[in-house]
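Enquirer: kindly generate the corresponding structure for this input.
(one chain, ligands or ions: 2)
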Amino acid sequence: METLTIAQLGNPILREHASPLSAAQYQELAPFFTALQQKMLEHNGVGIAAPQVSESIRAFIVASCPNPRYPDAPMMEPTLMLNPEITWASDSMEKDWEGCLSIPGIRALVNRHSHIEVRYDTLEGKEVKTQMEGFIARIFQHELDHLNGLVFLDRAE
Ligand SMILES: O=C(CSC(=O)[C@H](Cc1ccccc1)CC(F)(F)F)c1ccccc1
Ligand SMILES: [Zn+2]
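Expert: Ligands and ions are numbered 1, 2, ... in the order given. Predicted coordinates for the structure are as follows:
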C-alpha cells in the first residue's frame with residue numbers, strides 16, 4: 001500500500017458520490033482503514049473520509065477529542081463507520097466552526113443538525129444504531145457530506 005495523500009479541494013474525487021461497500025469487502029479493506037486512521041492522526045484531524053485519500057467508498061472515521069479549537073469536545077475512540085447513514089435529524093440546528101484536511105487554512109461557520117440518529121456497520125459487519133449530538137454529530141455530518149461529494153464550504157453561512 002503506497003502512502004496515502006490527502007486530496008485537496010479542486011480534485012474531482014471530492015465531488016463524486018462514493019460507492020457503498022459490500023460486507024465481503026470489509027475485512028479485506030482492514031489494512032486500508034488502518035492507514036486512513038494513521039493519516040488522520042498525522043494531521044491532528046477529528047475525522048477523515050475515504051474519498052479524501054482518493055478511495056471513493058462509503059467509509060469514514062469519527063474521532064472527536066478535546067483540542068485547542070474545541071476544548072470541551074468529548075473524548076471518543078476513533079470509530080470506523082462503514083456504509084453510514086443518518087436515519088433521523090433534529091429540526092434544531094447549531095452553527096459552529098469547521099475545518100477540513102482537504103481545505104487547509106480555511107475555517108467557516110457551518111449550520112448542522114444538533115441531534116441525529118445514525119446507523120453504520122463495523123469492520124466485523126455488525127450494524128450499529130445510535131444517537132449523536134453536539135460536536136460528534138457535527139463531525140459525522142461533515143464526513144457524510146464527503147461521501148456525497150460535498151465539502152463544508154458548500155454549507156458555509
Ligand atoms: O482543523 C481541524 C482539522 S479538520 C478536521 O478534523 C476535519 C473534521 C472536522 C473538523 C471540524 C468540524 C467537523 C469536522 C477532518 C476532515 F477534513 F477530514 F473531515 C480541526 C480539528 C479539530 C477541531 C476543529 C478543526
Ligand atoms: Zn473534511
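Enquirer: CA only for contacts and neighbour counts going forward, please
Expert: Noted.
Enquirer: return the set of buried residues in the longest strand along the chain.
Expert: Across the chain, the longest stretch assigned as strand under DSSP state E is strand 79-89. Buried residues in strand 79-89, defined by neighbour count with 16 or more other Cα atoms under 10 Å: 80-86, 89.
Enquirer: before we move on, what about stretch 13-26?
Expert: 13-18, 23, 26.
Enquirer: next: stretch 4-11.
Expert: Residues 6-9 are the ones in stretch 4-11 that count as buried (16+ other Cα under 10 Å).
Enquirer: do it and ligand 1 meet?
Expert: No. Stretch 4-11 does not reach ligand 1 (Cα under 6 Å from any ligand atom); its nearest approach is 8.8 Å.
Enquirer: what's in contact with that stretch?
Expert: Residues from elsewhere that reach stretch 4-11 (Cα atoms under 8 Å, 6 or more residues apart in numbering): 13-14, 35-36, 39, 51-54, 101-103.
Enquirer: make it 10 Å
Expert: 13-15, 32, 35-36, 38-40, 43, 48, 50-55, 100-104, 151 (Cα atoms under 10 Å, 6 or more residues apart in numbering).
Enquirer: just the buried ones from those?
Expert: For the contacts of stretch 4-11, a burial check counting by 16+ other Cα under 10 Å picks out 13-15, 35-36, 39-40, 48, 50-55, 100-103, 151.
Enquirer: mean confidence score for the helix or strand encompassing Thr34?
Expert: Element membership of Thr34, judged by DSSP states H and E, is helix 30-42. Here helix 30-42 scores 97 as its mean pLDDT.
Enquirer: and after it, which helix or strand comes next?
Expert: Moving toward the C-terminus from helix 30-42, the next helix or strand (DSSP H and E) is strand 47-49.
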